[in-house]
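**Student:** Here's a sequence, model it:
(one chain, ligands or ions: 2)
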Amino acid sequence: MIYTVTLNPSIDFIVHVDSLRLYQLNRMEHEHKYPGGKGINVSRILTRIGVETTALGFIGGFTGTYIREALAQEQVAHDFVQIPEHTRINIKLKDKGGETEINGQGPSITPEQLQQFMKKLERLQVGDMLVLAGNIPRSLPSNLYEQLLMSYGQRGIHVVIDASGEALARAVRHQPFLIKPNHHELGELFNTTFTTIDEIIPYGEKLLAQGITHVIVSMAEQVALLFTADGVYRSTAPRGTVVNSVGAGDSLVAGFIGRLAQTGSVQDAFRYGIATGSATAFSEDLACRDKIEAIFPQVKLTKL
Ligand SMILES: Nc1ncnc2c1ncn2[C@@H]1O[C@H](COP(=O)(O)OP(=O)(O)OP(=O)(O)O)[C@@H](O)[C@H]1O
Ligand SMILES: O=P(O)(O)OC[C@@]1(O)O[C@H](CO)[C@@H](O)[C@@H]1O
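**Tutor:** Numbering: from 1, shown residues only. Ligands and ions are numbered 1, 2, ... in the order given. This next block holds a predicted model:
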């Protein structure tokens, strides 16, 4: 079973305007609402590709009810801790110049609610996977992912970290199964910036040498890199028309771990992950299975 954790879920409110005019009235051309938050996105994709998953985290208020209902409609299993405060709404604003995101802070989580969440994790068994994805709300300990990684990693559970900043920096010390920084997040981790692929390679190898099983470095429409036991692989991103790239990174993670669970082949899983990320970028909502599988044959790997 793949458990995903979204400590701070959201309704993603996707708004399209032709050309945003600041400080003036803008009319939406069209708008969509989706259940969001990185772990929830991973669970939605896993369900679409037929991999068993349960989404965990904290949810509350009318926004929380909307998310529960939307997930139930898609048959995405979940077991959230119910809280009284409203789950946040994140605005994703698209115009012809690009995408602007305004994410909410989200509700405060009390120590009692955190305890309820910890209790839900007790069901995890050897061989399960735990995906810790997205920001850690300010009301929770900033080392929460690190604590979970240490305790569940030692019990034979594969822990995936899809986070940035301090949460990622703390996690890489404790041998997660997979991390998927984009090249900016990787640069931040090492206090540097990258201009070429060659510059990234020693840093990915360093993370692997620290005991991380798989490291994927994504770069949106450019190449992505996989660092794994038998070497470094480069994949080019498929070409297409970008509709909404929110959740592309989460989709890559879901495609990779889902396919790995199905086939056991790391290279095949990397190709499938890239196809899933791109299929999401080319869709209004997250990718559907048909689109992923149509793109999959386009994805080729080169061993470096
Ligand atoms: N413009 C694009 N064209 C094609 N594929 C894309 C594009 N943007 C993203 N992707 C696909 O999604 C994957 C992940 O994208 P990206 O590197 O933007 O992740 P991210 O920064 O974690 O994304 P996000 O935070 O928006 O979820 C890429 O490796 C690629 O397969
Ligand atoms: O504020 P966080 O937790 O870092 O990111 C939340 C978020 O931007 O990430 C997902 C896309 O990756 C969206 O569904 C969601 O709105």
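**Student:** Whichever residue of the stretch 101-250 of the chain sits closest to ligand 1 sits in which helix or strand?
**Tutor:** Residue of the stretch 101-250 of the chain nearest ligand 1, by Cβ to the nearest ligand atom: Gly249 (2.0 Å). (Glycine included, C-beta is placed from N, CA and C.) Per DSSP states H and E: Gly249 is located in helix 248-263.
**Student:** Could you do Ala287 as well?
**Tutor:** Assigned by DSSP H and E, Ala287 falls within no helix or strand.
**Student:** For it, which residues are in contact?
**Tutor:** Ala287 is in contact with Ile45, Arg48, Ser251, Thr276, Ala279, Thr280, counting by Cβ atoms under 8 Å, 6 or more residues apart in numbering.
**Student:** which residues of this structure fall in strands?
**Tutor:** Secondary structure of the chain (DSSP state E): strands at 2-6, 10-16, 30-36, 53-60, 81-83, 88-95, 98-102, 129-133, 158-162, 178-179, 214-217, 224-228, 231-235, 301-303.
**Student:** how about JSON lines for these, with mean neighbour count, distance to ligand 2 and mean pLDDT added?
**Tutor:** Below are the strands of the chain laid out as JSON lines (neighbours: other Cβ atoms under 10 Å; distance: least, Cβ to the nearest ligand atom, whole Å; pLDDT from 0 to 100):
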{"stretch": "strand 2-6", "mean neighbour count": "27", "distance to ligand 2": "8", "mean pLDDT": "98"}
{"stretch": "strand 10-16", "mean neighbour count": "21", "distance to ligand 2": "4", "mean pLDDT": "96"}
{"stretch": "strand 30-36", "mean neighbour count": "19", "distance to ligand 2": "3", "mean pLDDT": "95"}
{"stretch": "strand 53-60", "mean neighbour count": "25", "distance to ligand 2": "10", "mean pLDDT": "98"}
{"stretch": "strand 81-83", "mean neighbour count": "17", "distance to ligand 2": "16", "mean pLDDT": "97"}
{"stretch": "strand 88-95", "mean neighbour count": "19", "distance to ligand 2": "4", "mean pLDDT": "96"}
{"stretch": "strand 98-102", "mean neighbour count": "11", "distance to ligand 2": "6", "mean pLDDT": "93"}
{"stretch": "strand 129-133", "mean neighbour count": "26", "distance to ligand 2": "8", "mean pLDDT": "98"}
{"stretch": "strand 158-162", "mean neighbour count": "26", "distance to ligand 2": "8", "mean pLDDT": "97"}
{"stretch": "strand 178-179", "mean neighbour count": "25", "distance to ligand 2": "15", "mean pLDDT": "98"}
{"stretch": "strand 214-217", "mean neighbour count": "25", "distance to ligand 2": "15", "mean pLDDT": "98"}
{"stretch": "strand 224-228", "mean neighbour count": "24", "distance to ligand 2": "16", "mean pLDDT": "97"}
{"stretch": "strand 231-235", "mean neighbour count": "18", "distance to ligand 2": "20", "mean pLDDT": "96"}
{"stretch": "strand 301-303", "mean neighbour count": "12", "distance to ligand 2": "24", "mean pLDDT": "96"}
